[in-house]
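Engineer: Fold the following, please.
(3 chains)
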Amino acid sequence: MPELPEVEVVRAGLDSLVRGATITGVQIYRDSCVRLTPGGPGEFADAVDGRSIAAVVRRGKFLWMLLDGDASEVALSAHLGMSGQFRVHAGDAPPAHRHCRARFTLTYPGEPQRALTLDFLDQRTFGYLHVEPVTATADAAPGGQGSPATVVPHSVTHIARDVLDEHLDRDHTIAALRTGKRAIKQVLLDQTVVSGIGNIYADEALWSAQVSPTLAAHALSHSSAQDVLDAAYMVMTHALVQGGTSFDALYVNVNGESGYFSRTLQAYGRTGKPCARCGSAIERIVLGGRSTHRCPNCQADPPPLAAPPLDAPPLDAPNLSDVRHAGELGDLRL
DNA sequence: AGTAGCACCTGATTGC
DNA sequence: TGCAATCAGGTGCTAC
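Structural biologist: Numbers count the residues shown, from 1 in each chain, chains lettered A, B, ... in the order given. Below is the predicted model of the structure:
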């Protein structure tokens, strides 16, 4: 399932391929893939046809193309849901795939020979496209004073900055993670607290920080909250680097089940297998209707006051200085 | 205000 | 073998 690292891989791939292109054709194969647009697919197609793509931007799992046009700037927003993919075809495009929900024809001003076909595929149809105005905001994250001005689509204004965002208000995020009666895992999945964390990486971050997913947020210590946030950063960072290395420029694959990161998962999906730290069997519980995986020993609830030493070697954080977020329009190479 | 629960949807897997 | 039930997931909406 696409979470922040996978979406960033898609964003980077799309940005390198479609920036500067003009949308000269739109086909919608499944009307319901267009959402949050009152006029439906017709309005969507009319709004994006003829516009050029200035950049591909992301916050958390929300992705959008900034469109230049003669009217005010708008965004072609996309959410990949559980199974969304973008695929780019150079030259003659094959017939639309069975799961293709929308197809865009792209041309390049001054390069009449150059054209691309951009397909939006989505097997499970939780993903969607829409077109909407962008909004300048000091910071979409609640309480994030002092962050630089940012332009985000209207539908993204309530989404917090993500774990990899250098302007994430760390103190505010830690405080938010320690607020409320909800289990800490449910707070981690709340995209208005901190964005980009999905079910898989929430389990991984909590395993790494040795925090029980069922612990009430208000019972989380300040240092444990720091550990959880740091662990989320590490897990996301390593996934991003692995995803980036396997990325094919003309096949922008975000199918989480392709598993480029699954081999390094320590908790998610490992029910019954030994914990890499202590050997206890990883257990599966249901929390908020979502499957949750934890080590019953080193993620005991309540957590041990003195955490046992880590056997696993510490992770080194790769350099993320070239990961681009909303409002930052530099080049990116993975 | 904060929280819980459900709808949305398809394909793979499991159970009978 | 074939059918039915279950499961997976993120987000937005509604209800409490």
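Engineer: just checking, what's the longest helix in chain A?
Structural biologist: Assignment by DSSP state H gives helix A:222-245 as the longest helix of chain A.
Engineer: That one close to DNA strand C?
Structural biologist: No: counting by C-beta under 7 Å from any atom of the strand, DNA strand C has no neighbours in helix A:222-245; the shortest distance is 12.8 Å. Using the backbone N, CA and C atoms, a C-beta is placed for each residue, glycine as well.
Engineer: So which bits of that helix are buried?
Structural biologist: A:224-244 (16 or more other C-beta atoms under 10 Å).
Engineer: Check the gap between the residue of chain A found nearest DNA strand B and A:Gly269 for me.
Structural biologist: Nearest to DNA strand B in chain A, going by C-beta to the nearest atom of the strand, is A:Gly180, at a distance of 2.4 Å. Distance of A:Gly180 to A:Gly269, computed by C-beta to C-beta, to the nearest Å: 28 Å.
Engineer: same check, this time on A:Gly50
Structural biologist: Counting by C-beta to C-beta, the gap from A:Gly50 to A:Gly269 is 45 Å.
Engineer: avg pLDDT for stretch A:14-30?
Structural biologist: The average pLDDT for stretch A:14-30 rounds to 92.
Engineer: May I have the distance across that stretch, first residue to last?
Structural biologist: Using C-alpha to C-alpha, to the nearest Å, the end-to-end distance of stretch A:14-30 comes out at 22 Å.
Engineer: Quick check: buried residues in it?
Structural biologist: Taking 16+ other C-beta under 10 Å as the criterion, stretch A:14-30 shows A:14-19, A:21-23, A:26, A:28-29 as buried.
Engineer: what's the answer for stretch A:192-201, then?
Structural biologist: Counting neighbours by 16+ other C-beta under 10 Å, stretch A:192-201 gives A:193-201 as buried.
Engineer: Stretch A:38-50 now?
Structural biologist: Going by 16+ other C-beta under 10 Å, stretch A:38-50 has these buried residues: A:41, A:44-45, A:47-48.
Engineer: Could you confirm whether that stretch reaches DNA strand C?
Structural biologist: No: Stretch A:38-50 is not in contact with DNA strand C by C-beta under 7 Å from any atom of the strand; minimum separation 11.4 Å.
Engineer: can that stretch be found next to DNA strand B?
Structural biologist: No: contact of stretch A:38-50 with DNA strand B (C-beta under 7 Å from any atom of the strand) is absent, the minimum separation being 13.4 Å.
Engineer: Output that stretch as PDB, restricted to C-alpha atoms.
Structural biologist: The C-alpha coordinates for stretch A:38-50 follow below in PDB (Å, rounded to 0.1, in the frame of the first residue of the first chain):
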ATOM      1  CA  PRO A  38     -19.200  19.000  -8.300                       C
ATOM      2  CA  GLY A  39     -19.400  18.700 -12.000                       C
ATOM      3  CA  GLY A  40     -17.900  15.300 -12.100                       C
ATOM      4  CA  PRO A  41     -15.600  14.000 -14.900                       C
ATOM      5  CA  GLY A  42     -16.800  16.600 -17.400                       C
ATOM      6  CA  GLU A  43     -15.900  19.500 -15.200                       C
ATOM      7  CA  PHE A  44     -12.600  17.800 -14.300                       C
ATOM      8  CA  ALA A  45     -11.600  17.300 -17.900                       C
ATOM      9  CA  ASP A  46     -12.600  20.800 -18.900                       C
ATOM     10  CA  ALA A  47     -10.600  22.200 -16.000                       C
ATOM     11  CA  VAL A  48      -7.300  20.400 -16.800                       C
ATOM     12  CA  ASP A  49      -7.400  20.200 -20.600                       C
ATOM     13  CA  GLY A  50      -5.000  22.600 -22.200                       C
END
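Engineer: For the closest residue to A:Lys181 other than its chain neighbours, name its beta-bridge partners.
Structural biologist: In space, and not counting its chain neighbours, A:Lys181 is closest to A:Ala216: 5.7 Å by C-beta to C-beta, 6 or more residues apart in numbering. In this entry, A:Ala216 is beta-bridged to A:Ala183, by DSSP bridges.
Engineer: Tell me who's in contact with A:Ala216.
Structural biologist: Taking C-beta atoms under 8 Å, 6 or more residues apart in numbering as the criterion, A:Ala216 is in contact with A:180-184.
Engineer: again with A:Tyr268
Structural biologist: Shown in contact with A:Tyr268 (C-beta under 8 Å, 6+ apart): A:199-200, A:203-204, A:293.
Engineer: And it, which helix or strand is it part of?
Structural biologist: Using DSSP states H and E, A:Tyr268 maps to neither a helix nor a strand.
Engineer: Show me the helices in chain A, by range?
Structural biologist: With DSSP H as the criterion, chain A has helices spanning A:4-18, A:40-48, A:170-177, A:184-188, A:199-209, A:222-245.
Engineer: residues contacting the residue in chain A positioned nearest to DNA strand C?
Structural biologist: Taking C-beta to the nearest atom of the strand, DNA strand C has its nearest neighbour within chain A at A:Gly198, 2.6 Å off. Neighbour list for A:Gly198: A:1-4, A:61, A:189 [criterion: C-beta under 8 Å, 6+ apart].
Engineer: switch to 6 Å and redo it
Structural biologist: A:Glu3 (C-beta atoms under 6 Å, 6 or more residues apart in numbering).
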